[in-house]
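Chemist: quick check, what structure comes out for this input:
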Amino acid sequence: MAVLLALCSWASGTLADNTSDEFDVYIQGLQAGRLSLVTQTKGSGYAARILLRTTGLAAKLLRYRFEATVQGRSHNGHYRPVHYSEKSDTGKRQTDKTIAYANGLAKVTQSKERKPHWLKPTSQRNRLDPLTATYELLRDRPKDTLCQQSLKLFDGARAVDIILADPKSDRKGITCRGRYKRVGGFSEAEMSKGVSFPFKLTYVPAPNGDYQVQSLKIETLRGRASFLRR
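Modeler: Got it, this is the predicted structure:
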């Protein structure tokens, strides 16, 4: 409710489109957490808030909470964030980060000490923040636009490319094949463990006539992670 009120306060005067999506998170087949995504669009503006946290037994074994917000504008299907902020809490360490954008360049302020292998923000013009990229990846879409996303992400330190292609239809819906590729800002040790990670995104018809994400499954260094719509 607090999330919904925060987003509703962003809009005033005219009607806006609001969406709320929730996914259960599984790691190697075991339920580990929940992802909640609330978004609002009004004219060319958009706002979003995401909350990812461990739940159930996983929360007792390993506390984790990640929350982020973003505001920005879109034009002809291209998103331009204006302000992004995030906070994470592992139970042992709390971190925060804000990114302000001007002319496509990110100005990063964060609690973590900068590492030598991180990318300079001035070299990453027009890349999306993590939440805008997540919104663009998970939002409802018309059938003829599925599996066409090509996203360039910069989280203030690391750059990643996300590409979807190859739609396949069956009785369960339409599945896209995707690839999450590390581009820069990672240490040599991190890059040696993996550069490109495949994933599948499955859509099903939504009540509004578009298609909505039913599941996302990705191979990670810790095994398969799955996000299943509640």
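Chemist: so what are the sheet partners of the helix or strand hosting residue 181 and their directions?
Modeler: Using DSSP states H and E, residue 181 falls within strand 173-184. Strand pairing for strand 173-184, determined by DSSP bridges: strand 159-170 (antiparallel), strand 196-205 (antiparallel).
Chemist: which other residues reach the last one?
Modeler: Put plainly, it is strand 196-205. 137, 141, 146-147, 164, 172-182, 211-220 (CB atoms under 8 Å, 6 or more residues apart in numbering). Quick note: C-beta positions are derived from backbone N, CA and C, even for glycine.
Chemist: separate out the buried members of these.
Modeler: When these are checked for burial by 16 or more other CB atoms under 10 Å, the buried set is 137, 141, 146-147, 164, 173-176, 178, 180, 182, 211-218.
Chemist: contacting residues for the spatially most central residue of the chain?
Modeler: Of all residues in the chain, the one closest to the mean position by CA atoms, centre = their mean is residue 134, 2.3 Å from it. Shown in contact with residue 134 (CB under 8 Å, 6+ apart): 37, 48, 50.
Chemist: quick one: pLDDT of the nearest residue to residue 191 once chain neighbours are set aside?
Modeler: For residue 191, ignoring the flanking residues on the chain, the nearest one in space by CB to CB, 6 or more residues apart in numbering is residue 182 at 6.5 Å. Per-residue pLDDT puts residue 182 at 97.
Chemist: same question, the one 10 residues further on
Modeler: The per-residue pLDDT reported for residue 192 equals 96.
Chemist: hang on, it in a helix?
Modeler: Yes. Checked against DSSP: H, G, I helix; E, B strand; the rest coil, residue 192 lies within a helix.
Chemist: for the spatially closest residue to residue 88 that is not a sequence neighbour, grab the count of nearby residues.
Modeler: Nearest residue to residue 88, sequence neighbours excluded (CB to CB, 6+ apart): residue 66, at 4.6 Å. If you count neighbours by other CB atoms under 10 Å, residue 66 ends up with 18.
Chemist: so what's residue 66 bridging to?
Modeler: residue 52, residue 88.
Chemist: cool, and residue 36?
Modeler: residue 22, residue 51.
Chemist: just confirm it contacts residue 19, I think it does.
Modeler: No. Contact criterion CB atoms under 8 Å: residue 36 and residue 19 do not qualify, at 11.4 Å.
Chemist: so which helix or strand takes in the residue lying closest to residue 87 once chain neighbours are set aside?
Modeler: Nearest residue to residue 87 in three dimensions, chain neighbours excluded: residue 96, at 4.7 Å (CB to CB, 6+ apart). Secondary structure from DSSP H and E places residue 96 in strand 94-102.
Chemist: name the helices or strands packed onto that strand?
Modeler: Other helices and strands packing on strand 94-102, by 3 or more CB pairs under 8 Å, 6 or more residues apart in numbering; DSSP states H and E, are strand 78-89, strand 105-110.
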